[in-house]
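*Asks:* Attaching a predicted model along with its sequence, questions to come.
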Amino acid sequence: MIRTILLVLLLIAVAGTGYWGYTENQEKNAIRIQAENNYQRAFHDLNFQMDALHDKIGQTLAMSSQKQLSPALAQVWRLTNEAHTNVGQLPLALMPFNKTEEFLSKVGEFSYRVAVRDLEKKPLSDQETETLKTLYKNSNEIQNELRKTESIAQEKDLRWLDVEMELAKSDNPKKSTIVDGFKTVDQSMTGYSDVNFGPEVSNRAKMKGRDLRHLEGKMLTKEEAKQRAVDFFDLTKNRKITVKESGKGAKYKAYSLTIYNPETKGTTYMDITKKGGYPIWVLYDREVAAAKISLNDAMKQAEIFLKDHMHGPMEMTSSNQYDNIGVFTYARVQHGIRIYPEIVTLKVALDNGDIMGYEGMEFLLSHRDREKPVFKLSQEQARKTLSPKLKVMETHKALIRNDINEEVYCYEFIGVLGDETYQIFVDANEGDEEQVKKLKEAEPDYSAM
Amino acid sequence: MKNKWKYIKYSAAAIMLCAGIFSVSAKDKAHAFSPQVIQKGATGDDVIELQSRLQHLSFYTGPIDGVFGWRTYWALRNFQYEFGLPIDGLAGQTTKNKLVKATKFDKQWVEKQIQSGNKFTTYGGVAKEKQVKQKKGAPAKKGAAPAPKKARTEIKPARNIPDGYSQNDINLMSNAVYGEARGEPYIGQVAVAAVIINRVEDAAFPNTVSGVIFEPGAFTAVADGQIYLTPNKQAKKAVMDALNGWDPTGEALYYFNPDTATSNWIWGRPQIKKIGKHIYTN
């Protein structure tokens, strides 16, 4: 009797477990299929967009009328953008697929620049036509390789989830058609990495090749670097300082210092350039108590620091309070002109006014002595180019880097239109609007609403 | 309260005669600004008072959110212009005294509105009841008992956000930093946040914070769900530093943990430096 009952119970248990396992498995499969579908959509979309991109670039080559060229190039720009987004959604992050992504964004940049230009006044140059031809050929190769990959994947019923698993395990996945296909695409891009996109696109990319070789001074040893830090912070002797040199892959040679203060139990981190020993950035890490001093007092602390460590006058361009921290940005001023590329950022604790951080990378990169420039237009003339609806509140002379990374002397206007405040830079020689920025207001705290 | 206004009425004539600092009666001071000079970018109770008072005279038409933004700045400058003060956009002692003298500010009422999340204004000459829009779903009870007094009322209706980013970007990045590097020293957390920003700005990566973070396979914390842990304050602090421009990595685009990295490819990248457990590469 007991045996029978036990047997029945056991059977029920087994059946129950089986059913539970079955539903779990069903759910897991459903989720896997959903993930796979997302990858498939991104992949097929990418293929479609590369097809369309190739066709569109081809069309622009055949166009003679400038009127049609602008919209066609705008389409190219849109397609590269979409393709770029879809590449970002495929599980290829740990695979060298960067060349292709970079290619896409450069083509996008190029087509955008040309599309928004007044082609009636400044038609496509021979150089640019040549670039378009190369791009056409180039996109054809990507398209072919991707199509091949797509058709094989469909034929053999390949799954992106398997690719993802393989990629996660090692970077040398066993024969995977999809991965191989993408690798071929990327390799074919290497040969074309020096397509001439013209100064507008390559200037932008130049920002990446930042180096600090122009700095004056001799190469510092580790000991000298330590000494610089001691001088910089006026340190007493019982601090522990460690110095590490930057690795071979660094864009610029620097020493990273860690300074531990046993009294405050705070740690200061700092990078200084190997050449000349200029501080690149400083961050002081300690607990900051509730704000006791005002943002204004903190600003005074920041200005004392600047007086001690920077040469020449600087002007505050922004101040912000983040809870118990004040952050200030200063631009150097020369000949009464705000040099916006030469900015430093300072962070001040609002509990006691300590300098919590300094950031001067941009300053080191762009700092040089500048000759007094000529402003062809007067302030009134520049002002006339502004929208009449804008009520100008403040005006400065400024040097900015425009969106193609060239330095331009401008008049800076800060004005109000409706409830919003705008910052507008007008080229002081040509009278073009170089930059229009809507200045941000605070965001409400949604979590408190 | 009533006593106070009576007192003011009687002493009004006297106040008119006095100038500047001395005009503020001892009782009035209890409801007026703290002695700080309020400047653009500041946040807190003094800013709420500043905005309320400026709105009382219709100089300020924006929301009373406790953040000294551009609208408050222009309102203050207009006030200074109209009242013949030096126009510097700073609320110093003289400016504050003029404001206190010219306007009314009901601190308790304003704080109550903010705490209950109501939309409200403080224009002068308009009945208070007409200036409140109850938050949806909140009980529209009039004359409700005042909230029990807290030791220190902390009102943070809004925040400053670094240029080009939103509060939600900051939250998402904090989640990523916490999931990726919660065992790292502070500088290592700033570094992870800086890598995210470097990727957003790089042509070879997606152009948005969310695009970079959720790129499949890009971050282990995203793959294993640790990104959904609740980040602590330090992670948020690290993100704010990175957004304000600090980049301890030397403009790195990748990092890996040498103890667990299986990929040969990542070892082949040009290495910049090691921070905490992570090696940062180009």
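*Replies:* Okay, I see it.

*Asks:* For stretch B:214-221, buried residues please.
*Replies:* B:214-219, B:221 (16 or more other Cβ atoms under 10 Å in any protein chain shown). Heads up, the C-betas are built off the backbone N, CA and C, glycines and all.

*Asks:* end-to-end on it?
*Replies:* One end of stretch B:214-221 sits 10 Å from the other (Cα to Cα, to the nearest Å).

*Asks:* give me the number of residues near the spatially closest residue to A:Asp180 that is not a sequence neighbour?
*Replies:* Spatially, and ignoring its direct neighbours in sequence, A:Asp180 is nearest to A:Thr149 (7.9 Å; Cβ to Cβ, 6 or more residues apart in numbering or on different chains). A:Thr149 has 21 neighbours, counted by other Cβ atoms under 10 Å in any protein chain shown.

*Asks:* A:Thr149 is in contact with A:Thr177, isn't it?
*Replies:* Yes: if you go by Cβ atoms under 8 Å, A:Thr149 and A:Thr177 touch, sitting 6.5 Å apart.

*Asks:* Then B:Ile279 would be within a strand, right?
*Replies:* Yes: counting by DSSP: H, G, I helix; E, B strand; the rest coil, B:Ile279 is part of a strand.

*Asks:* ok, it - contacts?
*Replies:* If a contact means Cβ atoms under 8 Å, 6 or more residues apart in numbering or on different chains, then B:Ile279 has B:255-258, B:271, B:273 as its contacts.

*Asks:* Specify which member of the residues you listed is nearest to A:Asn37.
*Replies:* Each of the contacts of B:Ile279 was scored against A:Asn37 by Cβ to Cβ, and B:Phe256 proved nearest at 30.3 Å.

*Asks:* Tell me what that closest one is bridged to.
*Replies:* B:Phe256 has these beta-bridge partners by DSSP bridges: B:Ile279.

*Asks:* So it is in contact with B:Asn264, correct?
*Replies:* No: between B:Phe256 and B:Asn264 there is no contact under Cβ under 8 Å: 11.3 Å.

*Asks:* Of these two, give the one with the bigger neighbour count.
*Replies:* When neighbours are counted by other Cβ under 10 Å, B:Phe256 and B:Asn264 differ, and B:Phe256 comes out ahead with 20 against 10.

*Asks:* For residue 240, give me the pLDDT.
*Replies:* Picked chain A for this. At A:Lys240, the pLDDT value in this model is 82.

*Asks:* sorry, should have said chain B
*Replies:* Confidence score, pLDDT, at B:Met240: 91.

*Asks:* and A:Thr267, how many neighbours?
*Replies:* 17.

*Asks:* for the one 4 residues further on, same thing?
*Replies:* Neighbouring residues of A:Asp271 were enumerated by other Cβ under 10 Å; the total is 24.

*Asks:* Now do the same contact list for the residue of the stretch 151-282 of chain B found nearest chain A.
*Replies:* Nearest to chain A in the stretch 151-282 of chain B, going by Cβ to the nearest Cβ, is B:Pro270, at a distance of 2.5 Å. Neighbouring residues of B:Pro270 by Cβ under 8 Å, 6+ apart: A:247-250, B:281-282.

*Asks:* cutoff 6 Å now
*Replies:* By Cβ atoms under 6 Å, 6 or more residues apart in numbering or on different chains, the contact set of B:Pro270 is A:249, B:282.

*Asks:* Next: A:Tyr409.
*Replies:* A:373, A:399, A:428.

*Asks:* surely the residue nearest to A:Asp180 meets A:Gly181?
*Replies:* Yes: proximity of A:Thr149 to A:Gly181 meets the contact threshold set by Cβ atoms under 6 Å, at 3.0 Å.

*Asks:* What parts of the stretch 151-282 of chain B come near chain A?
*Replies:* B:156, B:158-161, B:167, B:186-187, B:203-204, B:206, B:211, B:215-218, B:240, B:244-246, B:250, B:262-265, B:270-273, B:281-282 (Cβ under 6 Å from any Cβ of the partner chain).

*Asks:* what does the stretch 201-350 of chain A have sitting close to chain B?
*Replies:* Counting by Cβ under 6 Å from any Cβ, the stretch 201-350 of chain A sits next to chain B at A:246-247, A:249-250, A:269, A:281, A:283, A:285, A:294-296, A:319-322, A:327, A:345.

*Asks:* what bits of the stretch 151-300 of chain A have low per-residue confidence?
*Replies:* A:168-176, A:188-210, A:236-237 (pLDDT under 70).

*Asks:* Oh, that last question was meant for chain B, not what I typed.
*Replies:* B:1-31, B:134-158, B:262.

*Asks:* can you map out the helices along it?
*Replies:* For chain B, the helices defined by DSSP state H occupy B:2-17, B:26-29, B:45-56, B:70-82, B:93-102, B:107-115, B:167-181, B:186-201, B:209-213, B:220-223, B:233-243, B:264-267.

*Asks:* The fifth one - contacts with which helices or strands?
*Replies:* Put plainly, it is helix B:93-102. Contact partners of helix B:93-102 among helices and strands, from 3 or more Cβ pairs under 6 Å, 6 or more residues apart in numbering or on different chains; DSSP states H and E: none.

*Asks:* quick revisit: tell me the helix or strand right after whichever helix or strand the residue nearest to A:Asp180 is part of.
*Replies:* In this structure, A:Thr149 sits in helix A:126-156 according to DSSP states H and E. Going down the chain from helix A:126-156, the next helix or strand is helix A:160-169, by DSSP H and E.

*Asks:* So B:Gln51 versus chain A, what's the distance?
*Replies:* Distance of B:Gln51 to chain A, given as Cβ to the nearest Cβ, to the nearest Å: 11 Å.
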